[in-house]
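**Q** Pasting the sequence and the predicted model now:
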Amino acid sequence: MCGIVGHVSTTPVNQQIYDSLLLLQHRGQDSTGISTAEGKTFHHVKLKGHVREGYRTRDMRSLLGNVGLGHVRYATAGSAKNEDEIQPFYVNAPYGLTLVHNGNLTNTRELTDELYRIDRRHLNSTSDTELLLNVLANELQLSIDGDELSPEQLFSAVERLHERVEGSYAAIALVAGYGLLAFRDPFGIRPLVLGRREDENGRPEWVVASESLVLESGGYELVRDVAPGEAVFVTNGGEMFSRQCAADPILSPCSFEYVYLARPDSVMNGVSVYGARLRMGETLAAQVERTVSTGDIDVVMPIPDSSRPQAMQMAQKLGIDYREGFYKNRYVGRTFIMPGQKVRKKSVRQKLNALSAEFQGKNVLLVDDSIVRGTTSKEIVDMARHAGANSVTFASAAPPVRYPHVYGINMPTRGELVASGRTIEEITSVIGADRLVYQEVADLQEAITRGSELTQLDLSCFTGEYVTGTVTPEYLAWLEQNQSS
Ligand SMILES: O=P(O)(O)OC[C@H]1O[C@H](OP(=O)(O)OP(=O)(O)O)[C@H](O)[C@@H]1O
Ligand SMILES: NC(=O)CC[C@H](N)C(=O)O
Ligand SMILES: [Mg+2]
């Protein structure tokens, strides 16, 4: 899950993109990049690491133009370390295109072969985003008819792209001299929202972003989520066109956005992330009551940051005191999205510290949003015991993660998932807890969708059922061999 943003403005757009990327930093920490368009000229800056430490004043000054896009990367294909894979990607024909992508393509082998053999396109990295851009460029080249590019030609290209590409993709592209194109895969797996505001002269300004908090902070009105399969084109002059480009779009957003990835103050697909997390706490409280005796539990504690709303609601439902026993070093980033297990493990210790007074002689109920590799939970249980806890019950607001996530979250191999091939008792013993309670899949689904129009979610990492219907055991085996994290 990367963070993407695109702005079409009536004034220089560099600072707006920077501000938007800062708000999306929680979605990717590996690298970041910005492209702006000044007439027909693109300006690009790409850097490793975080937004705040990366861009220098001279970088910002070089990003001229009123139209642009930006990216924060959390690598899911290729390598986090490879500087050639930092987004945006660029191709010079047709017109000049630059693109950012959140998601993960699942037919990369076929596309790589077709692009070389049939389309005669050269690829210079193992990034799936480079594939996505080249498919778009190829299909756009085939759609062009006459001298001027029309929205319809762009939409036809996206229509054909949907037919060729499998997996998840929310993408934003700039077409040099024309405007900004945004599109979402036919299942709407990864999020994308459209916002609008007016400048002081009443002229429209547009933003497309992964999360709605970008819109709120910039004073934009949420127009709507980009629909699954839909493409939106905003001209450099601020005129907006949109069209459904997929044959059978079915909104099936990634449940893990609501569990962990997104900021709680965002609204995605009409569902408040914070509201969904509170409801997860409610259903998890009921599950705890059903499965373990709660009479002896003294305090409910979150594992900062992401599980706070769930833990708060659980404490209230269970009628047990809510306490904060772990303190977070705000200068260490999110652990789960760091590349490499060694650095993730070290970071948990650096990031969280236990406050002994809250643990001494107490029976604690620790709540996390999810247990994936078990890196966090194992360290945390150990820290709670060292701080003097009498007993440790661990509750996860997500069900056991047993299957690879192939749609933009870096958990491609079963072997690294602590719940894969293990019973609950075995997982309890691996993380060192006294008792362990997981959310049920149906409860998670209900907690996310309650009161909304959402009828379907991607829950593949919990169920092994992949919404696109194109993920085969052979693909998963190939992924395990070729992608390690
Ligand atoms: O089982 P694991 O592989 O450790 O993964 C799960 C943990 O990783 C995430 O936290 P992270 O530190 O990334 O971010 P947060 O501060 O937003 O909770 C998540 O909230 C869990 O705590
Ligand atoms: N997390 C993402 O959305 C990653 C986008 C793309 N697959 C990359 O690896 O750069
Ligand atoms: Mg966490």
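**A** Thanks, I have it. Ligands and ions are numbered 1, 2, ... in the order given.
**Q** Near ligand 2, which residues of the protein? Just list them.
**A** Contact residues, the chain versus ligand 2 (CB under 6 Å from any ligand atom): 1-2, 73-78, 87, 101-104, 127-129, 408. Every residue, glycine included, has its C-beta placed from N, CA and C.
**Q** So which elements touch the helix or strand of the chain at the bottom of the mean pLDDT ranking?
**A** Within the chain, confidence by mean pLDDT, DSSP states H and E is lowest for helix 341-351 among all helices and strands, at a mean of 79. For helix 341-351, the packing partners by 3 or more CB pairs under 8 Å, 6 or more residues apart in numbering; DSSP states H and E come out as helix 375-386.
**Q** From ligand 1, how far out is residue 479?
**A** Counting by CB to the nearest ligand atom, to the nearest Å, the gap from residue 479 to ligand 1 is 18 Å.
**Q** what's the strand or helix carrying that residue in contact with?
**A** Taking DSSP states H and E as the criterion, residue 479 maps to helix 473-482. When contacts are defined by CB atoms under 8 Å, 6 or more residues apart in numbering, helix 473-482 is touched by residues 106, 109, 404, 406, 412-415.
**Q** would residue 114 count as being in a helix?
**A** Yes: applying DSSP: H, G, I helix; E, B strand; the rest coil, one finds residue 114 inside a helix.
**Q** which residues touch it?
**A** Contacts of residue 114 (CB under 8 Å, 6+ apart): residue 164.
**Q** separation between it and residue 80?
**A** 26 Å (CB to CB, to the nearest Å).
**Q** repeat for residue 275
**A** Applying CB to CB to residue 275 and residue 80 gives a distance of 32 Å.
**Q** Pick out whichever of the two has more residues nearby.
**A** residue 80 (21 against 18; other CB atoms under 10 Å).
**Q** If I follow the layout properly, that one ends up in contact with residue 49?
**A** No: assessed by CB atoms under 8 Å, residue 80 is found out of contact with residue 49, at 10.7 Å.
**Q** Common neighbours of those two, please.
**A** 30-31.
**Q** Can I get the lengthiest helix in the chain in CSV, CA atoms only?
**A** Assignment by DSSP state H gives helix 273-291 as the longest helix of the chain. Provided in CSV are the C-alpha atoms of helix 273-291 (Å, rounded to 0.1, in the frame of the first residue of the first chain):
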residue,chain,number,x,y,z
VAL,A,273,-11.9,4.0,9.3
TYR,A,274,-12.2,5.2,12.9
GLY,A,275,-15.8,4.0,13.1
ALA,A,276,-14.9,0.6,11.7
ARG,A,277,-12.1,0.2,14.3
LEU,A,278,-14.5,1.1,17.1
ARG,A,279,-16.9,-1.6,15.8
MET,A,280,-14.0,-4.1,15.6
GLY,A,281,-13.4,-3.4,19.3
GLU,A,282,-17.0,-4.1,20.0
THR,A,283,-17.2,-7.4,18.2
LEU,A,284,-13.8,-8.4,19.6
ALA,A,285,-15.0,-7.7,23.1
ALA,A,286,-18.0,-10.1,22.5
GLN,A,287,-15.5,-12.7,21.2
VAL,A,288,-13.3,-12.3,24.3
GLU,A,289,-16.4,-12.8,26.5
ARG,A,290,-17.4,-15.9,24.6
THR,A,291,-14.0,-17.6,24.7
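**Q** Just give me how far it sits from the chain centre.
**A** Helix 273-291 sits 22 Å away from the centroid of its parent chain (CA atoms, centre = their mean, to the nearest Å).
**Q** What of stretch 312-322?
**A** Using CA atoms, centre = their mean, the offset of stretch 312-322 from its chain centre is 29 Å.
**Q** Name the residues of that stretch that are buried.
**A** 312-315, 317-318, 320, 322 (16 or more other CB atoms under 10 Å).
**Q** again, but for stretch 343-362
**A** 344-348, 351-352, 354, 358-359, 362.
**Q** mind putting the residues you listed in a markdown table, distance to residue 287 included?
**A** Below are these laid out as a markdown table (distance: CB to CB, whole Å):
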| residue | distance to residue 287 |
| --- | --- |
| 344 | 27 |
| 345 | 29 |
| 346 | 32 |
| 347 | 29 |
| 348 | 25 |
| 351 | 28 |
| 352 | 25 |
| 354 | 26 |
| 358 | 24 |
| 359 | 24 |
| 362 | 22 |
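**Q** Strand partners (parallel or antiparallel) of whichever helix or strand comes after the longest helix of the chain?
**A** For helix 273-291, the succeeding helix or strand toward the C-terminus, using DSSP H and E, is strand 299-302. The strands that strand 299-302 pairs with in its sheet are strand 321-322 (parallel), strand 363-368 (parallel) (by DSSP bridges).
**Q** Could you single out the most deeply buried of the ones you listed?
**A** Most buried of those by mean neighbour count (mean count of other CB atoms under 10 Å) is strand 363-368; its value is a mean of 25.
**Q** is it up against ligand 1 anywhere?
**A** Yes: applying CB under 6 Å from any ligand atom, one finds strand 363-368 touching ligand 1 at residue 368.
**Q** what are the ranges of the helices in the stretch 1-150 of the chain?
**A** For the stretch 1-150 of the chain, the helices defined by DSSP state H, counting those that start in this stretch cover 14-23, 51-54, 57-62, 108-117, 128-143.
**Q** give me every residue that touches the residue lying farthest from the centre of the chain.
**A** Outermost residue of the chain with respect to the C-alpha centroid, by CA atoms, centre = their mean, is residue 361; its distance is 39.1 Å. By CB under 8 Å, 6+ apart, the residues touching residue 361 are 388, 390.
**Q** Would you quantify the distance from it to residue 77?
**A** With CB to CB as the criterion, residue 361 and residue 77 are 49 Å apart.
**Q** Brilliant, that's me finished.
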